[in-house]
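Visitor: quick one, what's the 3D model for this:
(one chain, ligands or ions: 2)
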Amino acid sequence: MTRIESVRYRPILDSRGNKTVEAEVVTEDGGFGRAAAPSGASTGEYEAVELPVEEAIAAAREHVAPRLEGREFAADQRGVDAAIHAADGTENFSDVGANSAVATSMAAAKAATDVLGAPLYQHLGGAFRGRNFPVPLGNVVGGGEHAADATAIQEFLAAPVGAPSVRQAVFANAAVHERVGELLSERGEAAAKGDEGAWAPSIEDAAAFEIVDEAVDDVADEFGFDVRFGLDMAAAECYEDSEEQGSSNSRTSSGDGEYVFGDEVRSTAEQIDYVAGLVDEYDLAYVEDPLDENDYEGFADLTERVGDQTLVCGDDLFVTNVERLRDGIAAGAANSILVKPNQIGTLSDAVDAIELATRNGYDAVVSHRSGETEDTTIAHLAVAVDAPFIKTGTVGGERTAKLNELIRIADEA
Ligand SMILES: C=C(OP(=O)(O)O)C(=O)O
Ligand SMILES: [Mg+2]
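Guide: Ligands and ions are numbered 1, 2, ... in the order given. I've put the predicted structure just below:
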């Protein structure tokens with residue numbers, strides 16, 4: 001009943017003004033699904049390959065669409081995703097592009113829900129989903145690869161862990177963003193916004209810690225529940241391998257290089273001490289990518305030290321990849337995984353990573369990318385898999401698209 005009749009592709013714009021892939025899937029009985037690929041800036045070395053948009057679209061038209069049209073059923077997500085894999089034939093979607101793959105995978109899911117008449121989260125997660133909602137982690141200050149001349153740490157994230165509802169949590173994060181803006185202007189720090197809508201002031205990380213700490217305390221008092229904060233350090237971007245000092249982003253070895261965050265240079269042991277100290281000092285709820293993407297051992301050491309106090313999350317470390325996650329679980333590296341469907345290319349692969357994580361006591365954090373569209377699939381995915389957290393910004397239309405969808409799902413569930 002949901003047999004796919006046609007698959008169409010077009011280039012559209014993402015929030016950075018770059019071109020990205022939009023896919024549309026139409027079923028024989030008129031079901032329609034449309035989805036668009038997001039795009040990262042601080043991408044992990046081991047992510048599936050994003051091809052230039054025209055190339056990805058041409059490859060998808062030639063190889064993916066013919067494997068789906070008249071052959072696969074949109075409601076059979078595993079079948080659709082297996083066909084996309086077969087059309088590509090590589091380990092990392094380097095032939096058709098993870099951007100066209102993920103757009104197709106998500107569009108098929110939406111076409112199925114259109115026919116089935118069920119919300120996307122229910123189609124993906126089943127009849128018993130829709131009761132639990134993720135805590136939204138929302139970045140309020142940032143820099144790194146997301147803004148020039150701003151903080152060295154990529155993201156300072158509000159974490160409204162005590163919120164009684166997803167709506168209150170979303171509103172609290174917006175309030176933290178607003179309060180941070182006020183505190184910055186009281187200090188005379190005019191700030192632009194980075195790629196994800198967070199303030200991008202030209203200040204040291206130490207000043208950002210003071211400001212965000214004060215802002216979350218103020219908002220916790222105002223809202224009457226616990227609001228903490230966390231970080232995405234995106235440390236692979238700041239790691240310089242010992243064999244290639246001076247050239248940033250070397251990814252060939254780990255452990256004996258240096259972390260260069262602004263003017264501060266740290267060895268791996270010092271970086272672990274520094275992060276553990278931050279967790280204690282600021283009662284951090286969350287620390288993503290505190291170490292290089294190859295350093296399972298460093299992640300394990302840090303997790304051993306602070307894993308009972310905070311979430312230690314692997315983004316570039318795991319890249320939503322079950323093989324890399326399996327290695328991490330064996331090593332005791334991290335206790336949570338960031339899940340970005342475009343890092344791995346299909347919804348089925350993303351769900352596999354989430355299920356492996358959950359079975360092993362790792363929390364899944366479903367995440368946006370710095371380059372986004374109005375697509376709301378990740379809001380539904382987070383509810384469908386019972387993810388305890390979602391990271392999808394705080395303000396800006398492409399971010400509020402997901403946050404407002406979460407509020408709607410909660411209202412209608
Ligand atoms: C969302 C992130 O940024 P990007 O999409 O640039 O990888 C991240 O690093 O978690
Ligand atoms: Mg990250």
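Visitor: quick check: bridge partners of the residue most central in space within the chain?
Guide: Centroid check for the chain by Cα atoms, centre = their mean gives Ser367 as the closest residue, at 2.4 Å. When assigned by DSSP bridges, Ser367 has beta-bridge partners Lys391.
Visitor: next up, the contacts around it.
Guide: Shown in contact with Ser367 (Cβ atoms under 8 Å, 6 or more residues apart in numbering): 315, 338-340, 378, 390-392. All C-beta atoms are positioned from the backbone trio N, CA, C, and that covers glycine.
Visitor: now do 10 Å
Guide: 38, 40, 137, 232, 288, 313, 315, 320, 337-341, 343, 378, 382, 387, 389-393 (Cβ atoms under 10 Å, 6 or more residues apart in numbering).
Visitor: restrict those residues to contacts with ligand 1.
Guide: Restricting these to those adjacent to ligand 1 (criterion: Cβ under 6 Å from any ligand atom) gives 40, 232, 315.
Visitor: just to revisit the earlier point, from Gly314, how far off is the residue nearest to the centre of the chain?
Guide: According to Cβ to Cβ, to the nearest Å, Ser367 and Gly314 sit 12 Å apart.
Visitor: now do the shared contacts for these two.
Guide: Contacts common to Ser367 and Gly314, judged by Cβ under 10 Å, 6+ apart, are 288, 320, 337-338.
Visitor: buried only: go through those residues for me.
Guide: Buried members of those, counted by 16 or more other Cβ atoms under 10 Å: 288, 320, 337-338.
Visitor: dump these into TSV; add pLDDT as well.
Guide: Compiled in TSV, these are given as follows (pLDDT from 0 to 100):
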residue	pLDDT
Glu288	98
Thr320	98
Ile337	98
Leu338	98
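Visitor: quick one: which of those is nearest to ligand 2?
Guide: The shortest approach to ligand 2 among those belongs to Glu288, at 5.1 Å (Cβ to the ion).
Visitor: quick one: contacts for that closest one?
Guide: 137, 154-155, 157, 230-235, 311-317, 334, 336-338, 365, 367, 391.
Visitor: within range of ligand 1, give me the residues from the stretch 1-150 of the chain.
Guide: 40-43, 145.
Visitor: what's the farthest-apart pair in the buried ones among the shared contacts of Ser367 and Gly314?
Guide: Spatially, the most separated pair among these is Glu288 and Thr320, at 13.3 Å (Cβ to Cβ).
Visitor: could you grab the helix/strand/coil label for Leu157?
Guide: strand (DSSP: H, G, I helix; E, B strand; the rest coil).
Visitor: number of nearby residues for it?
Guide: As a burial measure, Leu157 scores 30 neighbours (other Cβ atoms under 10 Å).
Visitor: specify the beta-bridge partners of it.
Guide: Counting by DSSP bridges, Leu157 is bridged to Asn139, Gly230.
Visitor: correct me, but it touches His368?
Guide: No - counting by Cβ atoms under 10 Å, Leu157 stays clear of His368, with 12.0 Å between them.
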